[in-house]
Structures are given as C-alpha cells and as structure tokens.
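K.L.:
show me the folded form of this:
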Amino acid sequence: MPGDTNKREGVDNAGRLFVACLAPVALSLLGGCAGLQDARSERLPQTNVEQMRAQRVQPEIAGYQAMKIGESTISYMAHSWLDGAETTTLPMTDAMGRGDTHAMVDVVLNDGVRVPMLVDTGAASDVLSPSLVEKLKLPLFDTGSQTATVRGVGGEQAVFPGGLSKMRLGGIEVHNTVVVVLTEQYRQYGLGMIRGQTVDSGIIGMTTLGRFRWVTFDWRRRQLTLGRAGDYKPDERKLADVIPFDVVYGKLVVPAEIVKAGKRSSLSLMLDTGSDDEVMLPMKVAQNLQLFDVSSPPANQRWITGVGGSYVGSPFVVTSLKIGRVQFMKVSGHTVPDNICGVMGNKLMRQFKTTFDFARRQLVFENY
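P.N.:
Below is the predicted model:
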C-alpha cells in the first residue's frame, strides 16, 4: 500500500457503504505508474478548485451520514447495493491509446453519462476527473477545516470526496458509492486528460471492485467479467495456481519470493492492475536485497510521474519472482519511494487469465 494508508472502507451486513478517513482526510490511491518520459500532470486553475470548494454540501443533504469516530476519523455511510445481472462481461477499450497495457471499460454514471474508467485493484477509492462534477451534478462533501488528500506513487494531492448515485457496469448497477474528484489532470492515465485534451474519465477502485464476489481480467480476449452472485469456477485443465491474498487497508497483498544472484528473499507485494510494470520495490527494500550497488546507483535512472507528483526511479532486474507455484523469470522493475509498498503490476499478470476471487480471497491464474 502507498505509505501510511489512512483509509478503511467496506460494506457492513446492512449493505451500507462506509468510508473512514483519518485527519487530514486521507483517501489512499495507487494508480498505474508506467515510467513515461513525457508523462505530465497539470493542476486545475485555482478558480476551478475554489468553485468546487464553494459547491460543497453537508453529506446528509446527499443522503450520506457523516460520523466522527474518535478525534480524527470521519466515516461516510449510505445505503448501498448492487442489482441487475448475476454476471456481466465488458470489453476493454483503448481509451488511453496505450494498446493492451491497461484494463479500461466504458461505464455509465448516474443517468446516462458514459465515461471510460481504468479498472485498478491498486486504487482504494473510485476516482473521477474534475470535468464530471457539473455533468453529474455530483454533490461534494464539506469536510470542514480538514483537507481530503489522495496518496500515490509520486506523493499526494488534494481531492474532494462526493457521493455518486449510480454506476452501471454492463448489466450490473452499483447504487450510492463514495468517489473522490481529483484537482490535477494526468495525461498518462487519461485521468482528466488524453493527449493534452480535457476528457471525462476515472478509476474503478476497490470501493467498487471489492463489492463483487469475483472479477476476471481476460487480458488476451480483452474482456472484464464481474460476478455478483455464485462462486468462480476456473477451468481445472488450465489452472496454473490459486494463491491466497490478504486485504490490508483496501489493498490486495500476496507473499512473494525474489531470487537475485542465488540469494532468496521473502517479501509482500500489492496486486495492482493499474500498473503496467512488472514489479516495483521501495528503495530501501531494493538496497537490502542488494539489487544494485548502493554506492553506485544505476546510471539509467529516470523520472517517473505518478499520482501526486514525480520521483526518480532506479531500474533493476531479478533472476526470478515467485508467488505461489507461479514463477516469473528475469523480471524487470524499478524503485519507488520508501513510503510505497512493493507492487506486482499487470505486465506479469497479463501472462494469465487473472481472477480476483474476493469471496474466497484468492488470486486465480489460468493458462491461455
């Protein structure tokens, strides 16, 4: 998870969605962080930010109940549910012009606003670009003197939490969910900007994905399947492995083993479909694993832009990376700041049909 994740979320037995934010209200997000040399972000004009700030309302007006827990935690609660088909399959689109490196699907928000959204298990929250606030008549919550922030691989930025009435994913609808609106736009994600042009876009994070019993990424057929009922049944003839995962503050974490120069090291990695890297490791972890000479860092370091800002990443290559019985050979990666956890990106996952079985807390890899 990226740094100190100050967010807890889930669905209780009554079907109420709750999001708890610690002060300063910190909604944690880790989007894809492909190292694009020309990747840039742009802050919204301050007048736009002030307009959104002025539009904020008390959550109760939008049907959400704000509850203060302890001295510094705010929880937003509303009756939230899924309905429609038991399963639905959506085609992955190329809305970002990135080929097959990301899973983006067309989503219909509220009463007919169609938006391309990145399906990102590394994002704790659902995220919308600022251009959608007016089109959706989205109620933004008044957080008082606290500032809501989102944390990513490059740092953090201010956001506005709000309440979305409806999200339609194929034949399934999600009713009443908390989203965050960014105050920056990102060319490389298509979050508010594609090829320099303002666009409507967003991220489907664990706020929504975790509501389903299972979610399948069929990378080769470019399809996303969501199941809200029943159990996932893999093709036993093609089964590569079933790997248990933990859910830590909304992040999906698996144990892993890295081999470098004959030395084996165990660590935990977050599963991040929003990243098109193979693996990312905090600098201190990479140094402890002796992935490169600390006294002589790699010469081909590069600037990498991610949510919240930019940082310098050092590349490395490991002999192998193993999770469960699945072993990946000669894996490339780069370092991230030390307040970010290790990440397994979709570049490795794309070798398999990948299912997140949330009902059983299992990662399922099936061979093509």
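
K.L.:
can you pull the contacts of residue 126?
P.N.:
Residues in contact with residue 126 (C-beta atoms under 8 Å, 6 or more residues apart in numbering) are 164, 167, 177-180, 202-205, 207-208. Where C-beta positions appear, they are placed from N, C-alpha and C, glycine not excepted.

K.L.:
rerun that using 10 Å as the cut-off
P.N.:
Residues near residue 126 by C-beta atoms under 10 Å, 6 or more residues apart in numbering: 27, 29, 107, 117, 120, 164, 167, 174, 177-180, 202-209.

K.L.:
can you flag which of those belong to helices?
P.N.:
Mapping these onto helices (DSSP state H) picks out 206-209.

K.L.:
now those residues in CSV, with distance to residue 323?
P.N.:
Below are the ones in helices among the contacts of residue 126 laid out as CSV (distance: C-beta to C-beta, whole Å):
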residue, distance to residue 323
206, 19
207, 25
208, 25
209, 20
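
K.L.:
buried sites along stretch 79-87?
P.N.:
Buried residues in stretch 79-87, counted by 16 or more other C-beta atoms under 10 Å: 80, 82, 85, 87.

K.L.:
just the closest of those to residue 134, please.
P.N.:
residue 80 (23.8 Å; C-beta to C-beta).

K.L.:
distance check, the closest one against residue 176.
P.N.:
Computed as C-beta to C-beta, to the nearest Å, the residue 80 to residue 176 distance reads 4 Å.

K.L.:
go on, residue 81?
P.N.:
Taking C-beta to C-beta, one finds residue 81 at 8 Å from residue 176.

K.L.:
low-confidence regions, the stretch 251-368 of the chain specifically.
P.N.:
293-298, 305-309 (pLDDT under 70).

K.L.:
what segments of it are helices?
P.N.:
283-288, 346-349 (DSSP state H, counting those that start in this stretch).

K.L.:
please export the C-alpha coordinates of the last one as CSV.
P.N.:
Included here for helix 346-349 are C-alpha records, laid out as CSV according to Å, rounded to 0.1, in the frame of the first residue of the first chain:
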residue,chain,number,x,y,z
ASN,A,346,-0.3,-6.2,-14.7
LYS,A,347,2.6,-6.8,-17.1
LEU,A,348,3.2,-10.1,-15.2
MET,A,349,-0.5,-10.8,-14.7
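
K.L.:
show me what that helix is packed against.
P.N.:
Here helix 346-349 touches strand 263-272, strand 326-336, strand 362-366, going by 3 or more C-beta pairs under 10 Å, 6 or more residues apart in numbering; DSSP states H and E.

K.L.:
quick one: residues in contact with it.
P.N.:
32, 34, 100-103, 119-122, 217, 219, 269, 271-279, 321, 323, 326, 328, 331-333, 354, 363, 365.

K.L.:
in PyMOL, how would I select the buried members of these?
P.N.:
Restricted to buried positions by 16+ other C-beta under 10 Å, the PyMOL selection for the contacts of helix 346-349 reads:
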select buried, resi 32+34+101+102+103+119+120+121+122+217+219+269+271+272+273+274+275+276+277+278+279+321+323+328+331+333+354+363+365
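
K.L.:
how many neighbours does residue 299 have?
P.N.:
7 (other C-beta atoms under 10 Å).
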